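Peer 1: Sequence and predicted model, in that order:
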Amino acid sequence: MSDPELVVHRDKELMAQAVAARLITAIVDAQAARGVASVVLTGGRNGNALLAGLRASPARDAIDWSRLDLWWGDERFLPKGDPDRNDTQAREALLDGVPLDPARVHTMPVAGGAYGDDADAAAAAYAEELAAAAGPDDDGPVPTFDVLMLGVGPDTHVASLFPELPAVRETERTVVGVHGAPKPPATRVSLTLPAIRAAREVWLLAAGEDKAQAVAIALSGAGEMQAPAAGAYGRSRTLWLLDQAAAARLPGALEPPAGV
Ligand SMILES: O=C(O)[C@H](O)[C@@H](O)[C@H](O)[C@H](O)COP(=O)(O)O
């Protein structure tokens, strides 16, 4: 478990550019160290904005796209190609524009596909895919992701782990079906906290004043059942990437130095 570190950017546009640059460096470093990099993508506006920023960056050519594994932290359980699916939005923002190896793009199952409308079966299949990718050096049935990104919701949810719903209490399974989510669509598939904590680095993204309270709660010692973002940490690094509006309500002791 690593303690949270905070980086506060002037606004959400600059934050997207800076996180894109940070992600390029992290991928290049992981490929240099281990040959292959693995990244877990997040849905949401900040996640999509940083992918678009990455696509626009000339430094993206430093990445060997054929040696990058992509996974998702959660998915809205909707049919293939649905514009509200996180993977559809990621493809539009970046993935369709770079030479990825399709076998390394691990999208979550679609509704109406092999698992019909059974989100629990879809989750179990994704758990198997993760287990198959885990090697002897990994601690359990999930690969050690290099970077796992999570957008933080205004209610402190991350991935599709919403406060007080059963998914946030899961301690065994690595992926679960989520039913009755307060943010549409109600049915989702999500990594659980134990799977999230398998990552080397967890990056939490929040921008805008509607996130300020959630950020303050999650970083002020709240429990993970009430504030799932508080339970999201990486093995070696937990990085909160914020804009000034989202950082505005942090208690004094947590406030980073001004002027970033
Ligand atoms: O499926 C989803 O809806 C997302 O994965 C969700 O967890 C998102 O990341 C947060 O709600 C933050 O979203 P924004 O960045 O749009 O505020």
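Peer 2: Alright, I've got the coordinates.
Peer 1: Pull up the residues of the stretch 101-250 of the chain that are close to the ligand.
Peer 2: Contact residues, the stretch 101-250 of the chain versus the ligand (CB under 6 Å from any ligand atom): Gly151, Gly153, His157, Val158, Ala159, Ser160, Lys183. Every residue, glycine included, has its C-beta placed from N, CA and C.
Peer 1: Break down the protein into its helices, ranges please.
Peer 2: Shown for the chain, the helices assigned by DSSP state H span residues 12-34, 45-56, 86-93, 119-133, 193-196, 212-218.
Peer 1: can you redo the ones you listed as a markdown table with mean pLDDT?
Peer 2: Listed next are these as a markdown table, based on pLDDT from 0 to 100:
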| stretch | mean pLDDT |
| --- | --- |
| helix 12-34 | 98 |
| helix 45-56 | 97 |
| helix 86-93 | 98 |
| helix 119-133 | 98 |
| helix 193-196 | 98 |
| helix 212-218 | 98 |
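Peer 1: so which of the ones you listed gets nearest Asp64?
Peer 2: helix 12-34 (5.6 Å; CB to CB).
Peer 1: What residues sit buried inside the closest one?
Peer 2: Going by neighbour count (16 or more other CB atoms under 10 Å), the buried part of helix 12-34 is 12, 15-24, 26-27, 30-31.
Peer 1: go on, stretch 126-133?
Peer 2: The neighbour-count check on stretch 126-133 (16+ other CB under 10 Å) flags Tyr126, Ala127, Leu130, Ala133 as buried.
Peer 1: what's near enough to touch the nearest residue to Val202 once chain neighbours are set aside?
Peer 2: Spatially, and ignoring its direct neighbours in sequence, Val202 is nearest to Gly234 (3.7 Å; CB to CB, 6 or more residues apart in numbering). Neighbouring residues of Gly234 by CB atoms under 8 Å, 6 or more residues apart in numbering: Ser2, Leu148, Arg197, Ala199, Arg200, Glu201, Val202.
Peer 1: Which residue, neighbours along the chain excluded, lies closest to whichever residue of the stretch 1-150 of the chain sits closest to the ligand?
Peer 2: Nearest residue of the stretch 1-150 of the chain to the ligand: Gly44, at 2.6 Å (CB to the nearest ligand atom). Leaving out its chain neighbours, the residue that sits closest to Gly44 by CB to CB, 6+ apart is Gly151, at 3.3 Å.
Peer 1: Contact partners for that neighbour?
Peer 2: Thr42, Gly43, Gly44, Arg45, Asn46, Gly47, Val158, Leu204, Leu205, Ala206.
Peer 1: Tell me which residues touch the closest residue to the fifth one other than its chain neighbours, please.
Peer 2: If you skip the residues right next to it in sequence, Asn46 has Leu205 as its closest partner in space, 4.2 Å away by CB to CB, 6+ apart. Contact partners of Leu205, counting by CB under 8 Å, 6+ apart, are 15, 19, 42, 44, 46-47, 50, 149-152, 241-242.
Peer 1: now do Trp65
Peer 2: Val98, Pro99, Leu100, Asp101.
Peer 1: Report how many residues lie close to the residue of the stretch 1-150 of the chain closest to the ligand.
Peer 2: Using other CB atoms under 10 Å, the number of residues around Gly44 comes to 21.
Peer 1: pLDDT at Asp137, what is it?
Peer 2: In the predicted model, Asp137 carries a pLDDT score of 89.
Peer 1: Find the closest residue to the ligand in the stretch 101-250 of the chain.
Peer 2: Counting by CB to the nearest ligand atom, the stretch 101-250 of the chain gets nearest the ligand through Gly151, at 2.4 Å.
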